[in-house]
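S.K.: sequence plus predicted model, see below.
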Amino acid sequence: MVDNMPQIQDQKSLTKEEVERLERMIGQIEVIHKEVAGLAKKSPSDAVNAFKLKLINKVLVDANEFLGERYRPFPEFSIFDDDAVPSTSDVTFIMAQYAEAVDLFRSGYVHWNAGDLVLPDLRWHRNCANHTSGLSF
């Protein structure tokens, strides 16, 4: 994360670009979890290869930026260490935690705002005042 970049979770609303980035990241977390969980069922102690680990870490960096300290599953964990290659079961465990964390972030602090009911222009807004979610007009 860039040091001078404002924390996403400190903003009152998300831009269209941030919403798209968040949705892409959530999809990536879900797919990574599903794929690695399948590998872990076959061979839980097998190491994750360097190519996959690099991509997983990129998704984790993005997730950490969105979640901040408040929503990160483990404050002491940010990404996997390249030198201590994790097992498929390690990655499955961590990605499951991140999937829950981003779902909590999205459902607890984000709601749909249809503005003037122009549905193609829906935007996400953080609902910091009462921490509820739902479609609002």
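M.R.: Ah, there it is.
S.K.: burial measure for residue 68, as a count.
M.R.: 14 (other Cβ atoms under 10 Å). Any C-beta I mention is one placed from the backbone N, CA and C, and that applies to glycine too.
S.K.: so which residues make contact with stretch 40-56?
M.R.: The contact list for stretch 40-56 (Cβ atoms under 8 Å, 6 or more residues apart in numbering) reads 32, 36, 39, 80, 82, 85-89, 91-92, 95.
S.K.: next SSE downstream of the longest helix belonging to the chain?
M.R.: Ranked by residue count under DSSP state H, the longest helix found in the chain is helix 16-42. With elements assigned by DSSP states H and E, the helix or strand that comes after helix 16-42 is helix 50-71.
S.K.: just the C-alphas of that next one, formatted as CSV.
M.R.: Output of helix 50-71 as CSV, limited to C-alpha atoms (Å, rounded to 0.1, in the frame of the first residue of the first chain):
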residue,chain,number,x,y,z
ALA,A,50,6.0,-19.2,-6.8
PHE,A,51,3.8,-18.0,-9.6
LYS,A,52,0.5,-18.6,-7.7
LEU,A,53,2.0,-17.2,-4.5
LYS,A,54,2.9,-13.9,-6.3
LEU,A,55,-0.7,-13.5,-7.6
ILE,A,56,-2.2,-14.4,-4.2
ASN,A,57,0.0,-11.9,-2.5
LYS,A,58,-1.1,-9.2,-5.0
VAL,A,59,-4.7,-9.9,-4.1
LEU,A,60,-3.9,-9.8,-0.4
VAL,A,61,-2.2,-6.4,-0.7
ASP,A,62,-5.3,-5.0,-2.3
ALA,A,63,-7.5,-6.6,0.3
ASN,A,64,-5.4,-5.2,3.1
GLU,A,65,-5.8,-1.7,1.7
PHE,A,66,-9.6,-2.0,1.6
LEU,A,67,-9.9,-3.7,5.0
GLY,A,68,-7.4,-1.6,7.0
GLU,A,69,-6.5,-2.6,10.5
ARG,A,70,-10.1,-2.7,11.6
TYR,A,71,-11.2,-5.5,9.3
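S.K.: mean confidence for stretch 60-74?
M.R.: Averaging pLDDT along stretch 60-74 gives 92.
S.K.: since that was my last question, I'll sign off now.
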